[in-house]
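[1] coords please:
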Amino acid sequence: MPEESNIQIPGVPASEPASLEEPTTPREPLPPKPDQQGPEAVSPTGSPTGAPATARAQSGQYLTTAQGLRLGDTDHSLKAGSRGPILLQDHHLREKITHFDHERIPERVVHARGAGAHGVFRSYGTAANITRAGFLAKDVETPVFVRFSTVLGSRGSADTVRDTRGFSTKFYTDEGTYDLVGNNIPVFFIQDGIKFPDIIHAGKPHPDREIPQAQSAHDTFWDFVSLHTEAQAHTMWNMSDRGIPRSFRTMEGFGVHTFRFLNAEGKTTLVKLHWKPKQGVHSLVWEEAQIINGMDPDFHRRDLADSIEAGAFPEWELGVQTFPDNEDQMFEGISLLDPTKFVPEELAPVQPIGIMTLNANPTNYFAETEQVAFHPGHLVPGIDVTNDPLLQVRLFSYLDTQISRLGGPNFAQIPINRPQAPVNDMLRDGMHQQAVHGGAAPYHPNSLDGGCPFLAGQDVGAFIDVPEELAASIKERKNPASFSDHYSQVRLFFRSLTPAEQDHVIQAYTFELGKCYEKAIRERQLLALANVDKDLCAAVAKGLGMPAPAATEDVPDSEPSPALSQLGKTWPVAGRVVGIVADQGSDLAAVNAARNALNAQGMVPLVIAPAGGYLGQEGDGGVPVQRTYLTARSTEFDAIIVAGAATPAPDATQGRDAKAGEPGASADPRVVLMLSEAFRHAKALGVWGQGTAALDAAGIPSGAAGVVSADGAEELVPQLAQLLASHRVWERFPAEG
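    Okay, the predicted model is just below:
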């Protein structure tokens with residue numbers, strides 16, 4: 001039996017292997033892959049149907065029209081003779097082409113580039129004292145669908161750009177659908193939603209050339225944020241490693257706003273919501289991200305799907321920071337209604353209230369990930385909004401957006417959006433109505449339908465708009481005084497980072513501002529950095545070849561928040577991808593031992609060889625090959641083991657592969673490039689046997705930090721796992737800051 005049967009390598013495209021010849025025996029469509037799941041098969045109005053989730057998939061053995069008419073040919077249009085014009089009566093051609101012409105719907109203005117997954121949320125019950133939300137009661141399990149996304153890029157942009165990521169979760173609770181629509185950064189660019197078109201217009205590609213795509217490294221973005229200094233808080237987070245996450249699986253999520261919880265006794269508590277990844281918060285380095293954008297622009301969505309297919313299910317704990325619901329809605333001098341502010345965890349610890357596991361990939365990207373519709377106004381009893389001026393505008397904007405994108409007001413009837421709770425809303429008709437409503441009286445009150453539907457009382461789960469006393473006020477366009485501090489938290493964030501992370505921030509600002517054409521914009525942003533940190537400003541100014549200005553504001557210092565740093569902790573290694581460079585001269589028994597040892601710890605081992613197929617004999621201790629020297633690149637791997645000399649492969653010629661370099665090299669230049677990249681990206685490297693020759697060819701010192709050697713897999717894999725638990729070997733390169 002082939003060795004690969006014991007190890008699940010993700011990436012299989014279908015639920016059954018393809019045949020060499022075109023199949024001709026009629027059969028039903030293939031079932032979904034084991035890692036795939038569709039939306040629950042409830043009716044358009046939320047009633048259980050008892051049907052499997054696959055009931056909405058196409059069925060039947062034969063090709064048909066949309067009306068079920070079987071077809072005998074779909075390769076040729078109906079013509080007036082084989083060389084004649086196509087006839088207008090070709091109903092199949094017209095249906096096929098017309099549907100194709102209308103396959104695309106308007107993409108999201110923001111968050112267009114996304115990936116999604118199904119899962120389950122299990123509540124710990126620890127929030128039951130602060131909210132009456134049923135899905136947060138002890139041990140309640142709730143189906144969820146999560147969509148991750150980038151903000152600025154189009155649907156066709158790359159994954160690993162420097163950008164904010166969306167992290168939105170749809171909870172299908174038995175009290176109605178609850179949407180937690182968040183980001184991977186806890187603060188936002190603006191304080192008032194009226195500015196949202198401005199920040200997005202500034203960040204999007206320039207309107208004359210439609211470039212640069214999915215980037216903030218251009219004049220219009222930095223023009224806006226340097227003039228509108230409340231944006232400096234979010235910008236600092238984005239210039240940190242948080243702006244280029246390693247994976248959706250290693251990314252925090254935040255509700256951004258302050259929400260109000262209401263418990264069974266009617267007491268209210270203000271809360272901020274956090275998703276904490278069980279695998280820790282990890283990022284890419286900038287050069288690595290740039291390489292990935294060219295080598296594999298689908299890196300993040302592929303990583304999410306592959307991890308689920310491989311059984312390394314991503315997990316996050318949901319936590320809350322809680323605050324008294326006092327009159328001024330301040331906490332420790334921080335305005336809880338200002339979305340550009342966060343509350344350090346040292347002041348208000350994040351208390352875990354449940355865990356989410358993503359355990360199934362979508363069956364169809366368009367039907368699920370593209371059509372899923374989130375809205376911060378999708379609430380359940382026990383959770384209410386606050387007067388955060390950004391949240392207030394989002395409550396309008398999201399609903400308006402869904403009506404435009406999804407063809408009308410009935411978007412909640414699309415399968416991925418259907419509530420899994422009874423729906424009796426008295427809403428009727430409209431584009432794409434899928435429910436068949438009965439009754440004669442869609443109004444309230446009525447007697448013709450027996451009074452149904454009835455208004456619910458609090459005792460049967462009615463939503464309660466929390467009564468809030470409003471002080472005497474003047475109608476005005478104005479922010480409270482607490483919103484005027486634009487720099488203290490930016491300084492707090494930067495000074496809470498380790499020196500290595502601060503170096504990355506300096507590099508990010510220097511790169512981004514170096515891409516701006518206008519000198520005045522660079523000067524203006526340096527003025528903002530001077531108010532944040534003198535050394536940060538000086539380092540960026542030096543990289544730009546400009547003088548560092550003096551601060552113009554007296555910004556108070558505060559204690560650093562260690563929770564803001566991603567470094568210094570250890571995390572589980574499940575789902576990490578390890579490349580094993582091997583060839584026919586390698587100890588294949590040791591290679592198989594390494595594969596099995598990595599797989600036993602939940603990691604994904606991928607063998608990299610001169611050519612595809614097998615090293616050795618298939619079924620007789622041979623090693624299956626997943627990558628070749630041509631197809632592999634360092635960016636796919638979290639660590640690399642070198643188990644062979646990596647002598648040049650037969651295709652190591654520049655005519656075949658420009659990366660192959662000049663002839664006469666002792667090691668394959670593509671392996672040398674892969675190892676040198678991994679080394680400078682601070683990744684762990686392991687070696688045994690003849691593999692030391694490849695390290696030597698790459699100029700990698702054997703005693704460098706994070707480079708381990710051993711006699712074989714039993715000794716090497718535990719050392720490698722220990723290094724991977726810290727994500728990267730940052731001590732390899734001392735920080736400049």
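
[2] now stretch 465-476: average pLDDT?
    In this model, stretch 465-476 has a mean pLDDT of 84.

[3] for it, C-alpha coordinates in PDB please.
    Taking Å, rounded to 0.1, in the frame of the first residue of the first chain, the C-alpha atoms of stretch 465-476 are listed here in PDB:
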ATOM      1  CA  ASP A 465     -34.500  48.000  22.500                       C
ATOM      2  CA  VAL A 466     -32.700  49.000  25.700                       C
ATOM      3  CA  PRO A 467     -34.400  52.100  27.100                       C
ATOM      4  CA  GLU A 468     -31.700  54.900  27.200                       C
ATOM      5  CA  GLU A 469     -32.200  58.200  28.700                       C
ATOM      6  CA  LEU A 470     -31.000  61.000  26.400                       C
ATOM      7  CA  ALA A 471     -29.700  64.200  27.900                       C
ATOM      8  CA  ALA A 472     -31.000  67.600  26.700                       C
ATOM      9  CA  SER A 473     -29.000  68.300  23.600                       C
ATOM     10  CA  ILE A 474     -28.600  70.600  20.600                       C
ATOM     11  CA  LYS A 475     -28.800  69.300  17.100                       C
ATOM     12  CA  GLU A 476     -25.300  69.800  15.700                       C
END
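
[4] ok, residues contacting it?
    For stretch 465-476, contacts defined as Cβ atoms under 8 Å, 6 or more residues apart in numbering pick out 260, 262, 268, 384. C-beta here means a position set from N, CA and C on the backbone, and glycine is covered the same way.

[5] can you redo those as a markdown table with pLDDT and secondary structure?
    Listed next are these as a markdown table, based on pLDDT from 0 to 100; DSSP: H, G, I helix; E, B strand; the rest coil:
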| residue | pLDDT | secondary structure |
| --- | --- | --- |
| 260 | 97 | strand |
| 262 | 96 | strand |
| 268 | 97 | strand |
| 384 | 96 | strand |
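
[6] which parts of the stretch 301-450 of the chain are strands?
    315-324, 330-331, 334-335, 351-362, 383-384 (DSSP state E, counting those that start in this stretch).

[7] elements contacting the fourth one?
    By that I understand strand 351-362. Strand 351-362 makes packing contacts with strand 36-37, strand 114-123, strand 141-150, helix 299-309, strand 315-324 when contacts are defined by 3 or more Cβ pairs under 8 Å, 6 or more residues apart in numbering; DSSP states H and E.

[8] what angle separates it from strand 114-123?
    130 degrees (axes from the mean of the first three to the mean of the last three Cα atoms, to 10 degrees).

[9] check the offset of strand 351-362 from the chain's centre.
    Averaged C-alpha coordinates place strand 351-362 at 14 Å from its chain's average position (Cα atoms, centre = their mean, to the nearest Å).

[10] now stretch 240-257
    8 Å.

[11] cool, stretch 304-324 as well?
    The answer for stretch 304-324 is 11 Å, by Cα atoms, centre = their mean.

[12] pull the helix or strand with minimum mean pLDDT from this protein.
    Ranked by mean pLDDT, DSSP states H and E, the weakest helix or strand in the chain is helix 91-101, scoring a mean of 90.

[13] tell me which of the helices and strands packed on strand 351-362 lies nearest to residue 724.
    helix 299-309 (14.7 Å; Cβ to Cβ).

[14] mean confidence for the closest one?
    Across helix 299-309, pLDDT averages out at 96.

[15] repeat that for stretch 365-374.
    For stretch 365-374, the per-residue pLDDT averages 97.

[16] which residues touch the residue lying closest to residue 509 once chain neighbours are set aside?
    Sequence neighbours aside, residue 540 is the residue nearest to residue 509 in space, at 4.6 Å (criterion: Cβ to Cβ, 6 or more residues apart in numbering). For residue 540, the contact set (Cβ under 8 Å, 6+ apart) comprises 506, 509, 510, 513, 526, 529.

[17] same check, this time on residue 659
    669, 670, 673.

[18] show me the contacts for residue 189.
    195, 199, 225, 230, 231, 234, 235, 340.

[19] quick one: which two of these are the most distant?
    The widest separation within the contacts of residue 189 (Cβ to Cβ) is 14.2 Å, between 195 and 235.

[20] looking at the two, which one has more neighbours?
    With neighbours defined as other Cβ atoms under 10 Å, residue 195 and residue 235 compare such that residue 235 has more, 26 against 20.
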